[in-house]
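K.L.:
What follows is a predicted structure for the sequence shown.
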Amino acid sequence: MKAYWLIGILVLVASFIAVPLVLKESASVAAKGKKDADDDLPPNMVVCWGNFDGEKGVAALDPNQFGNVTEVAAENAHVKKGTVLLQVADPVAKLKVQAAQQQLAEAKKLPDKYKFELEQQNAAIEAVKIERKSRLKSLETNSSKTLYNEAEALYAEKLKVEEAKKKLIQLQDASLKIAQADTQLKEAEEFLKLFQVVAPDDGTVLRVNIRKGEAFTSSAMRHAIEFLPDAPVIVKAEVLQEWGSYIRLGQDVVIEDDTYKGPKWTGKVQTISKWYAPTRSPSIEPFRMNDVRTLECLITNIEPEKGNTTQPRIGQRVRAKIKIDAPK
């Protein structure tokens, strides 16, 4: 009888220990299943780094010829397309232009010159013909047949020579020489432009890295001028590959200055890159990873949020919060 009581007590104790363990394991499995299900849901938003830029980007400008800088534009100046932003000394190039201009001016005189020479040659031929006629008429009545024949042969040769001179004049192509001179002038003028940096579009001179009097050389460490063409402001944002699959065209974006309680703007995802690539500007900055692949997207339609009077500035680092649509 004691053995039965002992077995019963052991079974009761075991049940008190086992049941809580089973319930705990079941709760753990259920929680894990719920977590796995939650992991399949997209995030509410994807946060990525970006910066304000012009739609046409910042142009790095350099002259194509080296030399001493004689003129350079001021920083922050707004200029029109074609404005000379930087000039390198070009005395030899200017002399070549002047020489080409003189050659073209001379070439343009050739039509009148060739016309005059042709008229003179026609007159010379006519003079030989008149002289021949007179001479042969005189020899015909007063000389022997031999002298007549010799004179006739002599004048025939003279006419042949004069006709050959006329053909040479007629072969002179004034239009071709004018075209050649004009091409040489254009070549000299194009070479002269290589000593200048001109504004490729209406825009703003952001930075000048060289000064008047300095020599621009092939060993220059920085571009001479950094120029911003007039264009709408956009955000170039880089999404980590981990979150790239959630990005879609047209998604709403909240843009924050990358400082504590910085100003905010709104925008939309306009374009998405076709590839995952290393970050475009691998600068060493706090909290920014440079050793990961990113999906670049352009955010346009930038508008300040209510109460934000701060103008976005090119190069300004921002956080772009891309809102992810909930699954239907």
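P.N.:
On my side now, so go ahead.

K.L.:
Check for me that K94 belongs to a helix.
P.N.:
Yes - applying DSSP: H, G, I helix; E, B strand; the rest coil, one finds K94 inside a helix.

K.L.:
So the closest residue to it other than its chain neighbours: helix, strand or coil?
P.N.:
Spatial nearest neighbour of K94, chain neighbours left out: L192 (6.5 Å); criterion: Cβ to Cβ, 6 or more residues apart in numbering. Quick note: C-beta positions are derived from backbone N, CA and C, even for glycine. In three-state terms, and counting by three-state DSSP, L192 is helix.

K.L.:
quick one, what contacts L192?
P.N.:
With contact taken as Cβ atoms under 8 Å, 6 or more residues apart in numbering, L192 is in contact with 90, 93-94, 96-97.

K.L.:
tell me what the strand or helix carrying A99 is packed against?
P.N.:
Following DSSP states H and E, the helix or strand that holds A99 is helix 91-107. When contacts are defined as 3 or more Cβ pairs under 8 Å, 6 or more residues apart in numbering; DSSP states H and E, helix 91-107 packs onto helix 174-193.

K.L.:
The helix it packs on versus helix 91-107: what angle between them?
P.N.:
170 degrees (axes from the mean of the first three to the mean of the last three Cα atoms, to 10 degrees).

K.L.:
hey, C-alpha coordinates of helix 174-193 in PDB?
P.N.:
Extracted in PDB, the C-alpha atoms of helix 174-193 (Å, rounded to 0.1, in the frame of the first residue of the first chain):
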ATOM      1  CA  ALA A 174      38.700  81.500-105.600                       C
ATOM      2  CA  SER A 175      35.800  79.900-103.700                       C
ATOM      3  CA  LEU A 176      38.000  77.000-102.600                       C
ATOM      4  CA  LYS A 177      40.700  79.300-101.300                       C
ATOM      5  CA  ILE A 178      38.100  81.400 -99.500                       C
ATOM      6  CA  ALA A 179      36.700  78.200 -97.900                       C
ATOM      7  CA  GLN A 180      40.200  77.100 -96.900                       C
ATOM      8  CA  ALA A 181      41.000  80.500 -95.300                       C
ATOM      9  CA  ASP A 182      37.600  80.500 -93.500                       C
ATOM     10  CA  THR A 183      38.300  77.000 -92.100                       C
ATOM     11  CA  GLN A 184      41.700  78.100 -90.900                       C
ATOM     12  CA  LEU A 185      40.100  81.100 -89.200                       C
ATOM     13  CA  LYS A 186      37.500  79.000 -87.500                       C
ATOM     14  CA  GLU A 187      40.200  76.600 -86.300                       C
ATOM     15  CA  ALA A 188      42.200  79.500 -84.900                       C
ATOM     16  CA  GLU A 189      39.100  80.800 -83.100                       C
ATOM     17  CA  GLU A 190      38.200  77.400 -81.700                       C
ATOM     18  CA  PHE A 191      41.800  77.100 -80.400                       C
ATOM     19  CA  LEU A 192      41.400  80.500 -78.800                       C
ATOM     20  CA  LYS A 193      38.400  79.300 -76.900                       C
END
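
K.L.:
Now do the buried residues in that helix.
P.N.:
Neighbour-count burial for helix 174-193 flags 174, 177-178, 181, 184-185, 188, 191-192 (criterion: 16 or more other Cβ atoms under 10 Å).

K.L.:
What about E296, how many residues nearby?
P.N.:
As a burial measure, E296 scores 20 neighbours (other Cβ atoms under 10 Å).

K.L.:
how far away is it from Q241?
P.N.:
In this view, E296 and Q241 are 11 Å apart by Cβ to Cβ, to the nearest Å.

K.L.:
for M45, same thing?
P.N.:
In terms of Cβ to Cβ, M45 sits 17 Å off from Q241.

K.L.:
Spit out the contact partners of the residue lying closest to E187 once chain neighbours are set aside.
P.N.:
Leaving aside its chain neighbours, E187 sits nearest to A100 (7.5 Å; criterion: Cβ to Cβ, 6+ apart). By Cβ under 8 Å, 6+ apart, the contact list for A100 reads 181, 184-185, 187-189.
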